[in-house]
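Participant: For reference, the sequence and a predicted model appear below.
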Amino acid sequence: MQKTVSLQEIYAPIERHLEAVPPAILEILSSPNELAHDVTRYFFSALGKLLRPALTFLGAGIKGDSLEISARLVKLGSAFEIFHAATLIHDDIIDSAYLRRNIPTVNVKWGPEVAVLVGDYLHNHAIEAIFQNGNEKIFSLFLQTAGRVCDGEIHELKEKDNYGLTEAEYFEIIDKKTAVLLACNAAAGAMLAGSSPEEAEALKRYGHAFGKAFQIVDDCLDFTGEQHEFGKTLGADCAAGVLTLPLIRLTQLVDEKKKSETVKIFSALELGGCAGNFGGKSEMSTSKFQTLLSMIREYGTIEYSMERAREFCDQARLELSVFKQSPARRSLELLLDYVLERGR
């Protein structure tokens, strides 16, 4: 029986770095503004997986047997986490999401006006901290990355309710929305630690492949996950009109009659809230979500999606072959196993 990989095991080489992230975030976001203070502390009271700082630290340690803690590296990784948080807060407004990390979203607790402004506040503080703690090449890479993340969000918004969305278009969206930032994080850590341009590029390619796999698995869990573990309302993508790989594959496999039925169910879920968006669980929404889930299971589109995620993990693993064995490389390899295990 294969051993389950834990984040604790993966993060062991950078444990002390990650312990320094929460106080660094609070330091970067320190403000006399009481509302900004309250909202930011509320959001960061429920920390996620800290993947962005973790990749930054592992990228910095990829060439060595040990990694010294530096305030500059910790603040750079923390700034990337703050930028990511800003995108999540804005995402939750767009999607009318009720839960984030198992607590009500900022827009639910304070309203969309506060959520927009706090997202902007985090974004600006992240940019300032990356400028102060990175270098010219890192800052240039980050600015390009931030632009692509915004482009990805706009692209996804444009394709809402597009039942003809192709897999290639989906992969392009998730690369810009998710993978490009993870690629930037891994490469930035390497760049700060003095790795060669070729090594930074290899880590960037690793991040792109890893990020796409991570998002595919996340999209599968939107259908099959346990809400208390997933930390978000199940079916949130349906409720927001976003087609992800399991649904895209389903529309490719069914005949025209079933495709029409699928579109009707999807449209009803978008109107009613998949499995109860904003916390409400109407019988109609739950019933239709279960019908859609039955079709997804019948046609094996979760398994298909997981196979695509596995292919991206294989690509990411190949990119690490240019580095000698080290604790950081091992952790980056284990992250790939962890992502695939999440979807089981």
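Facilitator: Received it, and whenever you're ready, just let me know what you need.
Participant: host element of the residue of the chain positioned farthest from its centre?
Facilitator: Computed with CA atoms, centre = their mean, the residue of the chain farthest from its C-alpha average is K257, at 34.6 Å. Here K257, judged by DSSP states H and E, is contained in helix 256-272.
Participant: which residues touch that helix?
Facilitator: With CB atoms under 8 Å, 6 or more residues apart in numbering as the test, helix 256-272 has contacts from 161, 163, 235, 238-241, 243, 247, 250-251, 254, 282, 284-285, 288-289, 291-292, 295. Yep, even glycine has a C-beta here, placed from its N, CA and C like the rest.
Participant: Then stretch 298-313?
Facilitator: Applying CB under 8 Å, 6+ apart, the external contacts of stretch 298-313 come out as 167, 209-210, 212-213, 216-217, 219-220, 223-224, 245-247, 249-250, 253-254, 296, 336, 339-340, 343.
Participant: Filter those residues down to the buried ones and express that as a PyMOL selection.
Facilitator: The PyMOL selection below is limited to those of these classed as buried (16 or more other CB atoms under 10 Å):
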select buried, resi 209+210+212+213+216+217+219+220+223+245+246+247+249+250+254+296+336+339+340+343
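Participant: So which of the contacts of stretch 298-313 sit within strands?
Facilitator: Among the contacts of stretch 298-313, no member is found in strands (DSSP state E).
Participant: May I see the buried residues of the helix holding K257?
Facilitator: For helix 256-272, burial by neighbour count (16+ other CB under 10 Å) applies to T262, I265, F266, A268, L269, E270, G272.
Participant: Regarding this protein, what is its longest helix?
Facilitator: Counting residues, the longest helix found in the chain (DSSP state H) is helix 197-224.
Participant: what mean pLDDT does it have?
Facilitator: Taken as a whole, helix 197-224 has an average pLDDT of 97.
Participant: returning to what we had before: dump the buried residues of helix 256-272 to TSV, plus distance to Q315.
Facilitator: As requested, the buried residues of helix 256-272 are arranged in TSV below (distance: CB to CB, whole Å):
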residue	distance to Q315
T262	30
I265	34
F266	31
A268	37
L269	33
E270	33
G272	38
